[in-house]
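S.K.: Predicted model and sequence below, questions to follow.
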Amino acid sequence: MKVIHLISGGDVGGAKTHVHTLLKELSREIPVLLVCFKAGDFAEEAVKLGINVLVVEDGFFETLKKLDRLIEEGGYDIVHCHGSKANMYGAIIKLRRRVCVITTVHSDYRLDYLGRPLRRLTFGVINTLALRMLDYRICVSDHMKKLLIDRGFLPEGIFVIRNGVDHSAPSVAVPRGEFLARYGISEDCTVAGIAARLSPVKDIGTLIDAFAAASRKLEGLRLLIAGDGEEEASLKERAQRSGAADKIVFAGWLGDMDSFYNAVDINTLTSLSEGFPYSIVEGARMGCATVSSDVGGIYMLIKNGVTGCLFQPGDTAALSEILEKLGSDSSLRKRLGEAARTLAREEFSLDSMRTTQLEIYDTVLRRASRHKGKKDGATLCGAYGQGNFGDDSIMEAVTKTLRTIDRDMPVRVLSRRPKETMKLLDIRGVHSFDPFGIIKAMLRSKLYISGGGTLIQDVTSLRSLAYYLLNIMTARLCRCRVMMYGCGVGPVTSALGRRMTAFVLNRCVDRISLREPHSLGELRKLGVTVPDIEVTADPALVLSPAPAGDVDSTFVEAGIPVQGDYIAFSLRPWDGVEERLGDFAMAARYAYEKYGLSSVFIPIDKGRDIPVCRKVMELMGDAPSYLFGNISSADVAIGVISRMKLIVSMRLHALVFAAGQSVPVIGAVYDPKVSSFLDYVGVSCHAPLGGTDARFLTECIDRCLSGQEGPGAAAKLMELEKRNGEIAAELLEGHPSGTQNKE
C-alpha cells in the first residue's frame, strides 16, 4: 500500500509530535509521502527524521491540481489528512478520485479556534463540513470517538489509535538540581509542572489558583509552567493576584522536555478539552506522578487513584486538594509514577502505534473492496440499551462472536439507547421503536438474531412478547435468515401468547440455540418443533474482565480498598424481597464475623437495584459494607466479580459472570431461569427467594468457603457456547438448518 499524508505545516504541540512520530515509524514499513502546505519548522524537522516531505505553497486550485497529479502518478491508495486545511483538500479529492480518504482528529474540532471567532467562523465551519464528507476518521482517544458518535458520525467509520513514545530511548535530561537552578528553584522543593500552550483551552488559570491554595499549606511547593501563547500576559497577572507569584515560574517554550519531566515531581494538566496529550505519556515515561483534568482519552493512561489522579475540568478545590496530597507524600508520588510508567510501556509504545495504524489502513482498503448493495451482515435484537449490564453483556458477546466470523461484517443493533450502544461497540445502533430504521436494517442484513436473554415470555407483559415476535416475522418478510441465539424461553402463560409463539417460531425461525435445558422443555410444551434446536450456553460466559487498572480504579473511586477480601451481593427488586432483606444482612454479618469478609453490593441494573442494596447495608449495623455504584460496563462488572471470594445473587448475569470467572455462587431464585442456569452448571447452593433465609445462606457460605461447593462446570459450558457462533456462521453461509448443513 502507498499513503500520502496532507498537513498545513504550521502545526505545533501534540499534533506535530503525533505526525512526526507516526510517519517516521510508518516509513520503515510502507512508502509514505508527507505534503505540507507551508514551509517552516514542521517540514524541516520531518526531513531530519527521514520522512519524505514535499512542500506545496501554491494557490488553492494549483495545489489541488498538484495533489491530483501526485495521487495518480504515485499510485497512492490512501490519502491521510491532518487538520482543517488538509481535510478540505481531502474532501474535494474524495469527490474527484476513487481513493480512500482518512483524517486523524487530534482534538475537538469545535474548540480548535477557541478565542478566535473569525477563524472559527471560516476554517472551523469548513473543517466541520469536510469531516462529514471523508470516508474514515481516526481518533487519538476513545473519548474523541464517543464525542464524534454523539455528533452523528457512524461508529464503523471511526478508529482509535494511541499516541506512542519510545520508551527504550535513553533519557538526555540534565541533573534535576542543575535544571531547577536555571529558574531559581531549590532542589529541595516539591515541583508541580505543566507543559502546554498558554491558550484558553488549557485552562492554566485553574492550575494557578489551585496551586496558590495548596502552597499556603505546603511551603516548599513550587509551580513550573513551560510553554508560550496568547494568554501569557494574562496568566502572569493572575499569578500576581494569587499571592503565590514568588512560587510560580514561567519558563517559556522549552525544547528539552526530558529535563523538564525529570525535574518536576508532579506532572499536571488542566485542559478543558483534549484528544490524548503527549505531555501525559511523556511524563509517564519519566515516572512522574500525574494529576489531570478528566477529559479526552487521558483516562486510558491515568486510572484514578492507580496510575495518577483525575479531577473534573475547572474544579479548583479538587485540584488544590490533590496537589496538597501529592505534594506532601513522596511515597504516593513514587507509586503512582511507577504505575503510570509501567502502563505506558505496555500500551503506549511506538510499536503499538505503528501496528495499529497499519491495521487501520488494511481495514479501510479491505472494506473498499467489499461488495456493496447486497444483503450483508446481521441485525441483532434484544433487551439492549436499558441500563442492565446483563442484557448489554449478551449484546457485546454476540457482536464479538460475529466479528470472529467476519471482522468487517456490518452489525446493526436494536437498542433503547442507540448512541450509547454505538459508543460501547463498533456497531450501528437503531432505536428499538424506530419502525423505518428497523426495516431498513433488516433489508440490508443477511441474518437476524433474536439475541440472548429471556425474550420469549409474557410474564413481563404480553406486549413485550408481541414486540419480539413481530420483529422475527418482519425479519423473515425482509428475507433474513433468523436465529434465536443462546436464549432462555418462558414462561409463556397466556393462551394467546402460546398460540402466537408457536405460530411465529415454527414459520419464521431457522435455528434456535438455548442457554439451558429448561428452555427446551418450554419450547416443546409450546409446540415449537420446526426449527432445529440445540442446547448450548449463555453468550456472556465467554466475556473477559476489564484490564486490572480499570478494575482497581473502580474500587478506588467507590472508596473500596483494592486488596480486601469480599463477599458480594447482587440483589434486585421483586415480590417478596423485602421479607428477605434482614436475612441477607445477617448473612453479610456472618461472613464478616466468621471469615473476615467485607460485603460489597454490585447492582447489575443500577437504576433499580441500588435502593434494595442500600436497604440491606442499613440493616448490617457496624459490619463493613460498600456499594459499587460506579461500575460503567459489563467487563468492569466481570472484573470486580472476579475478585470476590463468593457472590450471593438474585441477578442471573451476576451468576453467569461469576461462573465464567470460577467464583463460587449462591443463588436466590426469583425466576425459573436462575435455577435452570445453576442446575445446568452444577451448583446446588440455590433456593427460591422465599427459602433464602439466614440459616440457608450461612450454611451455603460455609459450604462454599470450605470448598464443599465449587464454582460449577462453567469451563464445559464455555466450550458449548462456541456452538452459538458456529450456528450463526452456518446461517450466514446460507444453511438454514443443521440437517442441510450436514448434507
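M.R.: Sure thing, it's come through.
S.K.: rest of the way, CA atoms for contacts and neighbours
M.R.: Will do.
S.K.: Could you report the distance from S599 to S662?
M.R.: 19 Å (C-alpha to C-alpha, to the nearest Å).
S.K.: pretty sure L223 is in a strand, no?
M.R.: Yes: counting by DSSP: H, G, I helix; E, B strand; the rest coil, L223 is located in a strand.
S.K.: So it sits against C189, correct?
M.R.: No: taking contacts as C-alpha atoms under 8 Å, L223 lies outside contact range of C189: 9.9 Å.
S.K.: And those two? Which one has more around it.
M.R.: Neighbours were counted for L223 and for C189 using other C-alpha atoms under 10 Å; L223 has more, 27 against 17.
S.K.: And the helices in the stretch 501-650 of the chain?
M.R.: All helices of the stretch 501-650 of the chain, identified by DSSP state H, counting those that start in this stretch, fall at 517-526, 548-557, 581-595, 606-619, 634-641.
S.K.: So, low pLDDT: which residues of the stretch 101-250 of the chain?
M.R.: Along the stretch 101-250 of the chain, segments meeting pLDDT under 70 span 113-115.
S.K.: quick one, strands of it?
M.R.: Per DSSP state E, counting those that start in this stretch, the stretch 101-250 of the chain carries strands over the ranges 136-139, 158-160, 190-195, 221-226, 248-252.
S.K.: Partner strands of the second one and their direction?
M.R.: Strands adjacent to strand 158-160 in the sheet, as given by DSSP bridges, are strand 136-139 (parallel).
S.K.: just to revisit the earlier point, let's have the helices of the stretch 501-650 of the chain in JSON lines, adding distance to Y76 and mean neighbour count.
M.R.: As requested, the helices of the stretch 501-650 of the chain are arranged in JSON lines below (distance: least, C-alpha to C-alpha, whole Å; neighbours: other C-alpha atoms under 10 Å):
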{"stretch": "helix 517-526", "distance to Y76": "56", "mean neighbour count": "18"}
{"stretch": "helix 548-557", "distance to Y76": "40", "mean neighbour count": "20"}
{"stretch": "helix 581-595", "distance to Y76": "65", "mean neighbour count": "21"}
{"stretch": "helix 606-619", "distance to Y76": "51", "mean neighbour count": "18"}
{"stretch": "helix 634-641", "distance to Y76": "40", "mean neighbour count": "24"}
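S.K.: didn't S553 look like it was pressed against I302?
M.R.: No: applying C-alpha under 8 Å as the test, S553 and I302 come out as separate, 9.3 Å apart.
S.K.: And A654, how far from L425?
M.R.: As judged by C-alpha to C-alpha, A654 and L425 stand 21 Å apart.
S.K.: Give me the more crowded residue out of those two.
M.R.: A654 (28 against 17).
S.K.: So the more buried one sits against G390, correct?
M.R.: Yes: counting by C-alpha under 8 Å, A654 touches G390, with 7.4 Å between them.
S.K.: Which one of the strands of the stretch 101-250 of the chain lies nearest to Q563?
M.R.: Nearest to Q563 among the strands of the stretch 101-250 of the chain is strand 190-195; the distance by C-alpha to C-alpha comes to 29.6 Å.
S.K.: what's next to the closest one, contact-wise?
M.R.: If you take C-alpha atoms under 8 Å, 6 or more residues apart in numbering as the criterion, strand 190-195 is touched by 220-227, 263-269, 279, 327.
S.K.: Next, the angle strand 221-226 makes with that strand.
M.R.: Counting by axes from the mean of the first three to the mean of the last three C-alpha atoms, to 10 degrees, strand 190-195 lies at 20 degrees to strand 221-226.
S.K.: Helix or strand: which one has Y448?
M.R.: Under the criterion of DSSP states H and E, Y448 resides in strand 447-456.
S.K.: Counting by contacts, list what that strand packs against.
M.R.: Contacts defined by 3 or more C-alpha pairs under 8 Å, 6 or more residues apart in numbering; DSSP states H and E place strand 447-456 against strand 378-381, helix 389-405, helix 462-477, strand 481-489.
S.K.: Flag every buried residue along the third one.
M.R.: Think helix 462-477. Residues of helix 462-477 classed as buried under the neighbour-count rule (16 or more other C-alpha atoms under 10 Å) are 462, 464-466, 468-469, 471-476.
S.K.: Compute the first-to-last residue distance for stretch 9-18.
M.R.: With C-alpha to C-alpha as the measure, stretch 9-18 spans 13 Å from end to end.
S.K.: So for that stretch, mean pLDDT?
M.R.: What stretch 9-18 shows for mean pLDDT is 81.
S.K.: And for stretch 472-484?
M.R.: For stretch 472-484, mean pLDDT rounds to 97.
S.K.: Stretch 307-324 too?
M.R.: 96.
S.K.: For that stretch, C-alpha coordinates in PDB please.
M.R.: Provided in PDB are the C-alpha atoms of stretch 307-324 (Å, rounded to 0.1, in the frame of the first residue of the first chain):
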ATOM      1  CA  THR A 307      -1.700   5.500  37.900                       C
ATOM      2  CA  GLY A 308      -2.500   9.100  38.800                       C
ATOM      3  CA  CYS A 309      -5.200  11.400  39.900                       C
ATOM      4  CA  LEU A 310      -8.100  12.900  37.900                       C
ATOM      5  CA  PHE A 311     -10.400  15.800  38.700                       C
ATOM      6  CA  GLN A 312     -13.300  17.500  36.800                       C
ATOM      7  CA  PRO A 313     -12.300  20.400  34.500                       C
ATOM      8  CA  GLY A 314     -12.300  23.700  36.300                       C
ATOM      9  CA  ASP A 315     -12.600  22.200  39.800                       C
ATOM     10  CA  THR A 316     -10.100  24.400  41.600                       C
ATOM     11  CA  ALA A 317     -10.800  23.000  45.000                       C
ATOM     12  CA  ALA A 318     -10.400  19.400  43.900                       C
ATOM     13  CA  LEU A 319      -7.100  20.100  42.100                       C
ATOM     14  CA  SER A 320      -5.800  22.000  45.100                       C
ATOM     15  CA  GLU A 321      -6.600  19.100  47.400                       C
ATOM     16  CA  ILE A 322      -4.800  16.700  45.100                       C
ATOM     17  CA  LEU A 323      -1.800  18.900  44.800                       C
ATOM     18  CA  GLU A 324      -1.600  19.200  48.600                       C
END
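S.K.: so how far is it from its chain's centroid?
M.R.: In terms of C-alpha atoms, centre = their mean, to the nearest Å, the centre of stretch 307-324 is set 23 Å apart from its chain centre.
S.K.: Pull out the buried positions in that stretch.
M.R.: 307-311, 313-314, 316-317, 319-320, 322-324.
S.K.: which residues sit against it?
M.R.: The set of residues external to stretch 307-324 that reach it, using C-alpha under 8 Å, 6+ apart, is 203, 206-207, 209-211, 213-215, 217-218, 270-272, 289-295, 301-304, 335-340, 549.
S.K.: If any of these are buried, put those into a PyMOL selection.
M.R.: Entered in PyMOL, the line below selects the buried ones among these, by 16+ other C-alpha under 10 Å:
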select buried, resi 203+206+207+209+210+211+213+214+215+218+270+271+272+289+290+291+292+293+294+295+301+302+303+304+335+336+337+338+339+340+549
